[in-house]
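Asks: Here's my sequence, what's the structure:
(one chain, ligands or ions: 2)
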Amino acid sequence: MRSKLSRHDTVIQLIDVKKAYRVGEVVTWGLRGVNLEVKRGEFIAIMGPSGSGKTTLLNMIGLLDKPTEGKILIDGVDISKLKSKDLAYIRNRKIGFVFQFFNLISRLTVLENIELPLIVRRIPRKIRIEKAKQALLLAGGDLSWLPKRPNQLSGGQQQRVAIARAIVGEPAIILADEPTGNLDRRSARSVMDTFIKLNEKGQTIIMVTHDPEVGNCAQKIYLLRDGKIVGVREPNKEKCILVTVSHTKR
Ligand SMILES: Nc1ncnc2c1ncn2[C@@H]1O[C@H](COP(=O)(O)OP(=O)(O)OP(=O)(O)O)[C@@H](O)[C@H]1O
Ligand SMILES: [Mg+2]
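Replies: Ligands and ions are numbered 1, 2, ... in the order given. Predicted coordinates for the structure are as follows:
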């Protein structure tokens, strides 16, 4: 799981990151000065109310958008100085995304979806298939899904496929925005079990959630409010998505 490209212990560093959104004359501050350091192998949750800047923060870290002010270092590289070609390279090599609505491509099979990050890297087909299978198993999926289309799977199964796609290229970081937001409790719990297992293998994970029980599955919880980090707390691991017995039996 460890990125072969770098050996920095700090995988992400944000220094006074601010983000302003301008719509016509109106300026909204998505982030108002965020400082954050994520070490390799950490599993952190970012929590906060709607509109507090969680998605904005994740988009900055995922290089999907640029800060208005401040600096972001990924594996020690200041990304504000990079050209879009280099940003795309880092995004493909270093970051795996997991989204609330899975974002799988419906006209592709499960196998083709998982292979995508490797196609971009021009990895030969035989190796791609092997790696896709390994990733799907690691994500708790089943190989019988490979020829299916995403809409032939349940939400929980689709999220496993999305996780497989996120990990297939062995990224330095997994970024997950509300990964359980569209799942029932049991599927949410199994997705969290997968994250915990990946983290135990050394995977760095940054997860956004507004669900306290999901936050409790991480190692550390950062609280975001009005575009600022206002606190850090230890999770209550015993309350990492409790699925009641009657639920489990169903
Ligand atoms: N593209 C945009 N244009 C204008 N304003 C935006 C844009 N994206 C976000 N904002 C504003 O920035 C602030 C932070 O939004 P963000 O989406 O990061 O919140 P969030 O914490 O992810 O909320 P939620 O829990 O509802 O997903 C909000 O005030 C929002 O209205
Ligand atoms: Mg959001």
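
Asks: Give me the helices and strands touching the helix or strand hosting residue 197, please.
Replies: Per DSSP states H and E: residue 197 is located in helix 185-200. With contacts taken as 3 or more CB pairs under 8 Å, 6 or more residues apart in numbering; DSSP states H and E, helix 185-200 sits against strand 43-47, helix 125-138, helix 155-167, strand 173-177, strand 204-208, helix 245-249. For the C-beta atoms, the positions are set from N, CA and C on the backbone; glycine is no exception.

Asks: What residues does the residue lying closest to residue 242 once chain neighbours are set aside make contact with?
Replies: Nearest non-adjacent residue to residue 242, counting by CB to CB, 6 or more residues apart in numbering: residue 213, 6.7 Å away. Applying CB atoms under 8 Å, 6 or more residues apart in numbering to residue 213 gives the contacts 239-242.

Asks: Give the buried subset of the residues you listed as a PyMOL selection command.
Replies: In PyMOL, a selection of the buried entries from the contacts of residue 213 looks like this (16 or more other CB atoms under 10 Å):
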select buried, resi 240+241
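
Asks: And the residue of the chain found nearest ligand 2, which helix or strand is it part of?
Replies: Nearest residue of the chain to ligand 2 (CB to the ion) works out as residue 55 at 3.1 Å. Using DSSP H and E, residue 55 maps to helix 54-61.

Asks: Could you list the residues of the chain in contact with ligand 1?
Replies: Residues of the chain lying close to ligand 1 (CB under 6 Å from any ligand atom) are 21, 23, 28, 30, 48, 50-56, 210.

Asks: Show the buried residues in the residues you listed.
Replies: Using 16+ other CB under 10 Å, the buried ones in the residues of the chain next to ligand 1 are 30, 48, 52-56.

Asks: just to revisit the earlier point, you'd agree the residue of the chain closest to ligand 2 is up against residue 177?
Replies: Yes. Here residue 55 reaches residue 177: they are 5.8 Å apart, a contact under CB atoms under 8 Å.

Asks: residues shared between the contacts of those two?
Replies: Shared contacts of residue 55 and residue 177 (CB under 8 Å, 6+ apart): residue 208.

Asks: thinking again about what came up before, in CSV: the helices and strands packed on helix 185-200, plus distance to residue 94.
Replies: Listed next are those as CSV, based on distance: least, CB to CB, whole Å:
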stretch, distance to residue 94
strand 43-47, 17
helix 125-138, 16
helix 155-167, 12
strand 173-177, 6
strand 204-208, 10
helix 245-249, 37
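
Asks: looking at those, which one has the lowest mean pLDDT?
Replies: Among the helices and strands packed on helix 185-200, helix 245-249 has the lowest mean pLDDT, at a mean of 52.

Asks: Just give me the residue right at the centre of the chain.
Replies: Taking CA atoms, centre = their mean, the centroid of the chain lies closest to residue 175, which sits 1.9 Å from it.

Asks: quick one: which two of the residues of the chain next to ligand 1 are the most distant?
Replies: Using CB to CB, the residues of the chain next to ligand 1 reach their maximum pairwise distance at 23 and 210, which is 23.9 Å.

Asks: low-scoring pLDDT stretches of this protein, where are they?
Replies: By pLDDT under 70, the low-scoring segments of the chain are 1-8, 245-250.

Asks: For the nearest residue to residue 79 once chain neighbours are set aside, list the residues it contacts.
Replies: The shortest distance from residue 79 to any non-neighbouring residue, by CB to CB, 6+ apart, is to residue 72 (5.2 Å). By CB under 8 Å, 6+ apart, residue 72 lies in contact with 12-15, 17, 60-61, 78-80.
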